[in-house]
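[1] Predicted coordinates and the sequence they were generated for:
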Amino acid sequence: MTARASFLTELSVASRKLRTLFDAAVRARGLTLSRARLLLHLARNPDLTQSELAGLMELEPPTLVRLLDGLEKQGLIRRCAVAGDRRAKHIALTEKAQPQVAALEELSASLEALLLAEIPPEAVATTRSVLTRFTQAIEAQSPATLLDITLRQRGP
């Protein structure tokens, strides 16, 4: 099998294993993977609206609402009105969330250092460039494009 042919498989396996490892680490701190991701997104992208956050996390709005409700009950986030739009809400981290966010950032940095320790910086830079271009190629596609390709491969 060529490197190109196994790329998607390797990427998928690596992604799943990374999520599993990160999930186990955040569960040890009393969080779920979804809540940890949400807190990190908010820390790195302040003043997001609920809609923008749903898009960034690739979650359906009702799923995000449940996550936000739980974090709000814990006092880790607050919803703030958006001027000029009664329906929109900005999501903000509270002071109470800051220690958890700091711990998550430290965990992310430690995990990155551990996993990349044996990989030369040039290889990491190349991989990052490839993944950025790969993500852009994915975003440029639509499900209809994949369906068209599949139908053409099957023939009449």
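    Great, that's in hand. Numbering: from 1, shown residues only.
[2] Just the CA coordinates for stretch 93-107, please, in CSV.
    Only the C-alpha atoms of stretch 93-107 are listed here, as CSV (Å, rounded to 0.1, in the frame of the first residue of the first chain):
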residue,chain,number,x,y,z
LEU,A,93,-15.7,32.1,30.6
THR,A,94,-16.0,33.0,34.3
GLU,A,95,-13.2,33.6,36.8
LYS,A,96,-14.1,30.2,38.2
ALA,A,97,-13.2,28.6,34.9
GLN,A,98,-9.7,30.1,34.7
PRO,A,99,-7.9,27.4,36.8
GLN,A,100,-9.6,24.6,34.8
VAL,A,101,-8.7,26.3,31.5
ALA,A,102,-5.1,26.8,32.7
ALA,A,103,-4.9,23.1,33.6
LEU,A,104,-6.3,22.1,30.2
GLU,A,105,-3.8,24.4,28.4
GLU,A,106,-1.0,22.8,30.5
LEU,A,107,-2.3,19.3,29.7
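[3] Residues in contact with that stretch: which ones?
    Under the criterion C-beta atoms under 8 Å, 6 or more residues apart in numbering, residues 22, 25-26, 29, 31, 36, 39-40, 42-43, 46, 71, 74-78 lie in contact with stretch 93-107. Backbone N, C-alpha and C define where each C-beta goes, glycine included.
[4] now stretch 15-23
    The contact list for stretch 15-23 (C-beta under 8 Å, 6+ apart) reads T32, L33, A36, L107, S108, L111, L115.
[5] The contacts of stretch 93-107 in helices, which ones?
    Secondary structure from DSSP state H places F22, A25, V26, A36, L39, L40, L42, A43, L71 of the contacts of stretch 93-107 in helices.
[6] could those residues go into a markdown table alongside distance to A144, pLDDT and neighbour count?
    Formatted as a markdown table, the ones in helices among the contacts of stretch 93-107 follow (distance: C-beta to C-beta, whole Å; pLDDT from 0 to 100; neighbours: other C-beta atoms under 10 Å):
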| residue | distance to A144 | pLDDT | neighbour count |
| --- | --- | --- | --- |
| F22 | 33 | 94 | 17 |
| A25 | 38 | 93 | 17 |
| V26 | 36 | 94 | 23 |
| A36 | 34 | 94 | 22 |
| L39 | 35 | 96 | 24 |
| L40 | 32 | 95 | 17 |
| L42 | 33 | 95 | 22 |
| A43 | 36 | 95 | 16 |
| L71 | 36 | 94 | 23 |
